[in-house]
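A.B. asks: let's see this in three dimensions:
(2 chains)
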Amino acid sequence: MTAAVTLKDLTMRYGDFTALDGVSLALEAGEFVVLLGPSGCGKSTLLAILGGFVTPTSGRVHIGGRDMAGVAPKDRPTTTMFQDYALFPHMTLVDNVAFGLRMRGMGRRARRARAEELLALVGLEGAGRRHPDALSGGQRQRVALARALAVEPQVLLLDEPLGALDLKLRRQMQDELKAIQRRVGTTFVHVTHDQEEAMAIADRIVLMNAGRIEDEGPAREVYLRPRSLFSAAFMGEVNQIPGQGTGAALDTQLGRLPLAASGPMMLCLRPEAIAAGPVHGAPEAPPAIDLGPARLVEATFFGTHHRAHFAPLAAPDLRLVAHLPQGAAPEPGATARLWARAAVLLPHPAPEPTR
Amino acid sequence: MTRAWHLLGWVYLALAFGFILLPVGVLVLFSFQDGRLPVPPFRGPSLRWYADVLADRRLMAGLGNSLLVASVSATVALGLGFLAAVGLARHRLPGAALLRLVLIAPMTVSYLIIALGLLSLYNRAGVGLSLWTAGVGHVVINLPLCFAILYAAMGPHLRAAERAARDLGAGEAAVLWHVTAPMLAPALLAAWFLAFTFSWDEFIIAFLLTRFDVTLPVEIWSLLRSGISPRANAIGSLVFLVSVVVVMVVQLVALRRTRR
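C.D. replies: Residues are numbered from 1 along each chain as shown, chains lettered A, B, ... in the order given. As a prediction, the model looks like this:
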């Protein structure tokens, strides 16, 4: 089962602190949405409101077209996979997974059979008689997922479920979560502060900051065409060069760049969008932009690339970070001409956010 | 030098334990006295006083009454304490701190005062004294104990599990029955057994609030009024044995819990 979710003007205040500030959002049925943001941005509050654990100060939540005002967690078409898993330690895995079905009055045999199916879905077939104490973190996580899916919720809420796992297991669970979501077709709303995790699993990323939605869209969109400086910096490393638009061009410390802009602007360049070529080599084809010659200050090998720091000759105090190809042999002190193959211009300073 | 200190430590330990346990040891030893007086020199051992005690209908009736009052009052105190702890741990109530204080307060009041208070209340209300009135007194003294133990045992773990149960469709009664009570089982058992021993050993309230049917400590007291005899030692040893068994059960339960 799956359902669309609509949030309208949600505001949540705790005394003087505003956790959510007029958030509106529409989620499609069957979508895998990731709420991303730093701690304290309001993403967990939003999830708790969806689950019915917190009542918003104002605003509306509709799930599958139904107004959720005054509907208790037990009566909502949502289930939550909690950050600490919150498994029942005194029950076997089968009883844990079957708990929701039992509360819905399903017979013992039927619900146990269903629970075994779900344990198989998350890769724990045959482990049904064990207790949560006997499981590793990753296994507990799978049980929590099976338990939440057992009642066939229309929307599954995931509260930083992978936070406690080590990196390798986290990658594996991300792939599995994605595959299981495709299989069951339920709307997933997943909260995390890890932008790589968000990009790995989301159909759509909703980036939040200070109780507001800062940016929103598929991973590619948010990463390559961020709508704000916060978004650009949160999604990954970015070189920021302030400039002044003249209409047809942008004046910066590096000189006049052929970018149509007006007013104060910030030029944002991802490290992997900067290429280094010979100082007097043939120019790269547009839209690549000539950033001028720069001296290599230092470089570190990262496996998939070299991470290099350049000091442009036109602005020796500026540092540009570029990712050079694995096969490059960067020499500190050498001079190269830098080319920006993709650039994003954002107003600077950021205008006041509008609702 | 350290050696001497070490030795001194052991001596101190032996003295402390001797001070605590010697009277009980003497009581138990002279319950096996083969003679009419529980005083040195020790003769025996003999089980005649135990046979005498077990054949005594009044003492055995007192024993039965004590078991009844202890188990019923412990169960009632546990049920009330559990509900109070759940309510105060789970909901934000106005004046919650004050409510907790009032619930714990009877612990600080002497049993004599509690008994006198209840006695005048019963008189005013025209309630005749019986095992029930003493049982109510025992609920009064054990409720704070049960509440305090259970309230302390309700950690964030339990809260999270209850939240998950509600999220999965459990109503409040189902949450209590399927999640809260089973997860608190060790604390519930420990609280019940402690409440049981406190009621089992209690004298003042039982003495002031019973009339015809009395509990074992009251029966023992009337036995002692007719002078000392190894019978009192024998019955005292039996009471002590029951208490030890109960405390050991509590210890095992609590130990199992901490090991988890």
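A.B. asks: all contacts plus neighbour counts: C-alpha atoms, from now on.
C.D. replies: Noted.
A.B. asks: residues of chain B that sit close to chain A?
C.D. replies: B:157, B:160-161, B:164-171, B:179, B:182-183 (Cα under 8 Å from any Cα of the partner chain).
A.B. asks: most surrounded residue in those?
C.D. replies: B:Leu168 (31 neighbours; other Cα atoms under 10 Å in any protein chain shown).
A.B. asks: quick one: that residue and A:Lys74 touch, right?
C.D. replies: Yes. The criterion here is Cα atoms under 8 Å, and B:Leu168 meets it with A:Lys74 at 6.0 Å.
A.B. asks: on that earlier part again, could the residues of chain B next to chain A go into TSV alongside secondary structure, distance to B:Val72 and pLDDT?
C.D. replies: Below are those laid out as TSV (DSSP: H, G, I helix; E, B strand; the rest coil; distance: Cα to Cα, whole Å; pLDDT from 0 to 100):
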residue	secondary structure	distance to B:Val72	pLDDT
B:His157	helix	31	87
B:Ala160	helix	32	90
B:Ala161	helix	30	92
B:Ala164	helix	34	92
B:Ala165	helix	31	93
B:Arg166	helix	32	92
B:Asp167	helix	36	90
B:Leu168	coil	35	91
B:Gly169	coil	34	88
B:Ala170	coil	30	89
B:Gly171	coil	29	88
B:Val179	helix	25	93
B:Pro182	helix	21	91
B:Met183	helix	23	91
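A.B. asks: which one of the residues you listed is nearest to chain A?
C.D. replies: Closest approach between the residues of chain B next to chain A and chain A, by Cα to the nearest Cα: B:Gly169, at 3.8 Å.
A.B. asks: ok, and the closest non-adjacent residue to that closest one?
C.D. replies: A:Lys74 (3.8 Å; Cα to Cα, 6 or more residues apart in numbering or on different chains).
A.B. asks: what's the one you found in contact with, if anything?
C.D. replies: Contacts for A:Lys74 (Cα atoms under 8 Å, 6 or more residues apart in numbering or on different chains) come out as B:166-171.
A.B. asks: same thing but at 6 Å, please
C.D. replies: A:Lys74 makes contact with B:166-169 under the criterion Cα atoms under 6 Å, 6 or more residues apart in numbering or on different chains.
A.B. asks: which residues in the stretch 51-200 of chain A form helices?
C.D. replies: A:93-103, A:108-121, A:137-150, A:167-184, A:195-201 (DSSP state H, counting those that start in this stretch).
A.B. asks: tell me which of those is the most buried.
C.D. replies: helix A:93-103 (a mean of 25; mean count of other Cα atoms under 10 Å in any protein chain shown).
A.B. asks: run the angle between that helix and helix A:137-150 for me.
C.D. replies: Counting by axes from the mean of the first three to the mean of the last three Cα atoms, to 10 degrees, helix A:93-103 lies at 20 degrees to helix A:137-150.
A.B. asks: briefly note if helix A:93-103 comes near chain B.
C.D. replies: Yes. Using Cα under 6 Å from any Cα of the partner chain, we find that helix A:93-103 touches chain B at A:100, A:103.
A.B. asks: up against chain B, what does the stretch 1-150 of chain A have?
C.D. replies: A:73-74, A:79, A:86, A:100, A:103.
A.B. asks: so what does the helix or strand that contains A:Gly292 touch, helix or strand wise?
C.D. replies: Assessed by DSSP states H and E, A:Gly292 sits inside strand A:289-301. Packing partners of strand A:289-301 (3 or more Cα pairs under 6 Å, 6 or more residues apart in numbering or on different chains; DSSP states H and E): strand A:305-312, strand A:335-340.
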